Each structure stands twice: as C-alpha cells, then as structure tokens.
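Undergrad: this one's sequence-less:
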Ligand SMILES: Nc1ccn([C@@H]2O[C@H](COP(=O)(O)OP(=O)(O)OP(=O)(O)O)[C@@H](O)[C@H]2O)c(=O)n1
Ligand SMILES: C[C@](O)(CO)[C@H](O)COP(=O)(O)O
C-alpha cells in the first residue's frame, strides 16, 4: 500500500494557559494578521493529501471558538474538538482516545507552531512510510553547546553537540505504536515533555527529519514579537 492510500490523523494540543507568555488569553487564540495563531497553524495542514481527521484538544471555554476556527479551515476532513487535560501529555492522550481506530499515522503538532512548512510535513510522512521506523520527529541540530547540570547548577556533562538535536513538532507515528506508548506511560505514571520520548521508552525507533528554526514554538514574549513580524511585518 503506497503513501497516497495511507490515512493521517492530526492531533493539535491547544489547551495550554500560556503562563510563560503572560498574555490575557491563551496563545492559540491570540490574533496576528487577522487570524488566530491556531488558524495559521491549521492552515499548514489543510492540503496534506493523507489528512482525513483532525482532533483538537482545548479548554472548556474555547470549545466553541475552536470548532468555528477548524470548520473554517477544513472542508472534507472530519473535525473533532475535545476537552484537554492539565498537562500537554493529557491533552494529547484525550485526543488519541477520540481518534478514529482505522487511521494509519497520527501527527501531533503544537497549536503554537504556526510556521511549519507543508514540504516539511510531507518529508516526515515520506520518511515514516519508507524507512523502518515507528515515528519521525521534525528537529534542528543544536546551535549552542548543551550543558547537563545537577541540582546545585554545577555542570555534570557536556554532550557531544554533533549528536544533539532540538525536537519540534510535528511528531508523526504509526498509530498502534503511539497508542501503546501513551497507554504504557499512563500505567507507569511517566511524564514526557514530548510524544517521541514516550515511544522511545517502549523501544520504538524514531527518526529525526531536519527542519528549520522558523518552526519555533511561541513560548516567550520575544517569540510572539517575532511571530508578529513574520506574519504581519510588524
Ligand atoms: N495542558 C496543556 C498544556 C499545553 N497544551 C498545548 O501544548 C502546546 C505546547 O505547550 P506550551 O507551549 O507549553 O503551552 P502552554 O502550556 O500554554 O505554555 P506555558 O507552559 O507557558 O503555560 C500548546 O499548543 C499548548 O496549548 C495543551 O494542549 N494542554
Ligand atoms: C513537544 C515540544 O514542542 C517539542 O519541543 C515541547 O517539548 C513542548 O514543551 P512544552 O513545555 O509543553 O511547551
């Protein structure tokens, strides 16, 4: 079965509060250049051939607005808007429970990474389909030297930088492996800061696909200023 006949579900966690950004409303619902950040992000996936289903997790008060935004972006694909959890991992898990059983691949993409490129998503899908792996993660090589520190802030280790990459999203997996990883993490009480780490810990093979720095996560005020410049020139 070729890649064209594979079905993809997109999971978008959008239930965060944006505490590090410090705005009055959560990050995905801030407007830049006439569109919410969530809409800018969803638009990047609209024309992906394999996309059949979108599951967005958000907080109670944004369920209706999220439904409106998603319905305006997607025409033929099925959209589900569900309640998120108190951490990103729980928001993704809730979404996975709502995903269709018959999908082949699941892509997880932060609502607040609006600068991913269609070609990057397609590259990830090609690699996932053609290589002997369970998942792929868009990532960039570290440009700074990384230090691993102890609780006293003393440096314990300097990993070889040529082996250190910074994980972004999308992170795309074969559905069964991802479900197993999330199930196993829940049963073991394990928390991961990304989806791949949960797959890695059950022995899954995950490949990095080189992306670029444009696909940053809007996290701090400087990121929002940069996103404004990139989307509206100011
Ligand atoms: N309980 C949570 C926390 C985060 N997210 C989502 O996960 C993505 C990445 O999280 P992050 O950038 O950390 O967002 P926030 O949690 O909102 O930010 P902060 O940690 O600064 O509060 C975002 O799209 C965010 O909405 C989520 O769905 N549910
Ligand atoms: C998944 C992620 O975007 C990969 O870089 C990141 O780990 C999310 O972290 P956050 O603290 O939930 O923003």
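TA: Perfect, I can see it now. Please read these numbers as outputs of a predicted model, since none were measured by experiment. Residues are numbered from 1 along each chain as shown. Ligands and ions are numbered 1, 2, ... in the order given.

Undergrad: Helices of the protein, start to end?
TA: 37-43, 63-73, 88-98, 118-130, 175-188, 195-201, 221-232 (DSSP state H).

Undergrad: what's the burial count for residue 225?
TA: 12 (other Cβ atoms under 10 Å). (Glycine included, C-beta is placed from N, CA and C.)

Undergrad: before we move on, what about residue 66?
TA: 26.

Undergrad: for it, what are its contacts?
TA: 14, 38, 56, 58, 81 (Cβ atoms under 8 Å, 6 or more residues apart in numbering).

Undergrad: For ligand 2, find the nearest of the helices of the chain.
TA: Smallest distance to ligand 2 across these (Cβ to the nearest ligand atom): 4.2 Å, for helix 88-98.

Undergrad: Would you point out which residue of this structure is nearest ligand 1?
TA: residue 16 (2.0 Å).

Undergrad: Pull the contacting residues for that residue.
TA: Residue 16 neighbours (Cβ under 8 Å, 6+ apart): 26-28, 84, 88, 91, 111-112.

Undergrad: hang on, the earlier thing: going by distance to ligand 2, which of the contacts of residue 66 wins?
TA: Checking the contacts of residue 66 against ligand 2 by Cβ to the nearest ligand atom gives residue 14 as the nearest, at 11.7 Å.

Undergrad: how about the residues of the protein near ligand 2?
TA: 88, 110, 167-169, 193-194, 217 (Cβ under 6 Å from any ligand atom).

Undergrad: which parts of the longest strand seen in the chain are buried?
TA: Longest strand in the chain, counting residues (DSSP state E): strand 165-174. With burial defined by 16 or more other Cβ atoms under 10 Å, the residues of strand 165-174 counted as buried are 165, 167-174.

Undergrad: Next: stretch 136-144.
TA: For stretch 136-144, using 16+ other Cβ under 10 Å, the buried residues are 136-140.

Undergrad: repeat for stretch 79-87
TA: So, applying 16+ other Cβ under 10 Å, buried residues of stretch 79-87: 79-85.

Undergrad: Contacting ligand 1 as well, which ones from those residues?
TA: Among the buried residues of stretch 79-87, ligand 1 is touched by 84-85 when using Cβ under 6 Å from any ligand atom.

Undergrad: would you turn the buried residues of stretch 79-87 into JSON lines with pLDDT?
TA: Output for these, formatted as JSON lines (pLDDT from 0 to 100):
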{"residue": "79", "pLDDT": "97"}
{"residue": "80", "pLDDT": "98"}
{"residue": "81", "pLDDT": "98"}
{"residue": "82", "pLDDT": "98"}
{"residue": "83", "pLDDT": "98"}
{"residue": "84", "pLDDT": "98"}
{"residue": "85", "pLDDT": "98"}
